[in-house]
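> okay, here's the prediction I keep looking at, along with the sequence it came from:
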Amino acid sequence: MEYWQLKQRQSLPLDVKIELSNTRIRDWYDFWNGNVYVAFSGGKDSTVLLDLVRKQYPNVPAVFADTGLEYPEIRNFVKTIDNVIWVKPKKNFKQILTEYGYPVVSKKVSRYVQDLQNETEKNKNVCNLRRTGYNRKGIYCPSYKLSKKWLYLVNAPFKISDKCCHYMKKSPLDTYAKQSNSVPFIGMLACESKMREKEYLSHGCNFYNGRIPQSMPISFWLEQDILTYIKEYNIPYSSIYGELQTQDNLLKFTGEQRTGCMFCMFGAHMETEPNRFQRMKISHPSQYKYCIENLNLGSVLDFTNVPY
């Protein structure tokens, strides 16, 4: 798919987007003979996706990865939804941090830093790529090079890794998919990151040929589409978001805007104050104390110059 096609779809009115998404949902459901489920995080995007899917197929199960890192309000909201299957990771967050390292800056930066922190003869070509941008054939690939801005992280007094999301969320959901012989609907939006945009451009909404096939039928929606759908169709959502109000002709929640794992540090360096940790100190003091002190996130945030 071309970039202009994505931008064209993102500019469509919401009612047209709903019809396109419903078509993608039907195509996916029919292709897999109804052996499908919704990967449900309790966040706003997957809440809208679950509503769309169940308006057509009320008996499709939702699957929630119970990582122990969700806001209490998210967990409480998930408990109010019918037919939700809870799955758990094999290791807790503290074990992941100890074994692999802390998630900082972004998945891409953490992955590159992890490579350089664990350099061996076996991965020396990858490490050279991370340092210089040149692959083994001498071709310059700048997107695979660790930015000079983050080179100092290689010498951090703690391990850094992007593995937490894989082991805490992706792995238990993949296990469920294999054991149930079913495939997921996923509530991802291409506008959320360059990585997700690239993924959408590669295979569109329905990806039939992956290791685990997946459908992302609302991936061409924008955040305002999600919020407008919630308002117009009066969709219940987690209280962590607060109230949905109009500000400067745009819909916006008065509470948390995003509800991933509470202790994740991806993107924290880009937030204006009060950032997620400063807000957590006030709204969830016990969780704040645990992550800053028990999980040693305070030292990591200090090292990366993120206030908390």
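Yep, that arrived. Residues are numbered from 1 along each chain as shown.

> for E99, list the residues it contacts.
K91 (C-beta atoms under 8 Å, 6 or more residues apart in numbering). In short, each C-beta sits where N, CA and C put it, glycine included.

> tell me the spacing between it and G242.
Using C-beta to C-beta, to the nearest Å, we find E99 at a distance of 36 Å from G242.

> ramachandran angles for F263?
Taking degrees, to the nearest 10, you get phi -100, psi 0 for the backbone angles of F263.

> ugh, wrong one, I meant K252
phi -150, psi 140.

> test my guess that it contacts Q224.
No: if you go by C-beta atoms under 8 Å, K252 and Q224 don't touch, sitting 9.3 Å apart.

> could you say what helices and strands the lowest-mean-pLDDT helix or strand in the chain packs with?
Ranked by mean pLDDT, DSSP states H and E, the helix or strand of the chain with the weakest confidence is helix 194-203, at a mean of 90. Applying 3 or more C-beta pairs under 8 Å, 6 or more residues apart in numbering; DSSP states H and E, one finds that helix 194-203 makes contact with helix 3-10.

> quick one: buried residues of the helix it packs on?
Neighbour counts over helix 3-10 (16 or more other C-beta atoms under 10 Å) mark L6, R9, Q10 as buried.

> list of residues touching stretch 295-308?
Stretch 295-308 is contacted by residues 93-94, 97, 102, 104-105, 153, 156-158, 263, 265, 268-269, 273, 275, 277-278, 281, 291-292 when judged by C-beta under 8 Å, 6+ apart.

> from the middle of its chain, how far away would it be?
Offset of stretch 295-308 from its chain centre (C-alpha atoms, centre = their mean, to the nearest Å): 22 Å.

> and the angle for the least confident helix or strand of the chain with helix 3-10?
100 degrees (axes from the mean of the first three to the mean of the last three C-alpha atoms, to 10 degrees).

> quick check: next helix or strand after helix 194-203?
strand 206-207 (DSSP states H and E).

> partner strands of that next one, parallel or antiparallel?
Strand pairing for strand 206-207, using DSSP bridges, gives strand 214-215 (antiparallel).

> so how far is the strand it pairs with from its chain's centroid?
Counting by C-alpha atoms, centre = their mean, strand 214-215 comes out at 15 Å from the chain centroid.

> what comes into contact with that strand?
Strand 214-215 has contacts (C-beta under 8 Å, 6+ apart) with R24, I25, W28, V36, V183, P184, F185, I186, C205, N206, F207.

> one more time with 10 Å, if that's ok
21, 24-25, 27-29, 31-32, 36, 38-39, 49, 53, 173, 177, 183-186, 188, 199, 203-208 (C-beta atoms under 10 Å, 6 or more residues apart in numbering).

> make a PyMOL selection of the buried ones in those residues.
Selection of the buried residues among these in PyMOL, burial being defined by 16+ other C-beta under 10 Å:
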select buried, resi 21+24+25+28+29+36+38+39+49+53+173+177+183+184+185+186+188+199+204+205+206+207
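
> among the contacts of strand 214-215, name the ones in helices.
Among these, the residues falling in helices (DSSP state H) are 21, 24-25, 27-29, 31, 49, 53, 173, 177, 199, 203.

> could these be laid out in a markdown table, adding distance to T132?
Formatted as a markdown table, the ones in helices among the contacts of strand 214-215 follow (distance: C-beta to C-beta, whole Å):
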| residue | distance to T132 |
| --- | --- |
| S21 | 43 |
| R24 | 42 |
| I25 | 45 |
| D27 | 44 |
| W28 | 42 |
| Y29 | 47 |
| F31 | 44 |
| L49 | 41 |
| V53 | 46 |
| L173 | 36 |
| A177 | 38 |
| E199 | 27 |
| H203 | 31 |
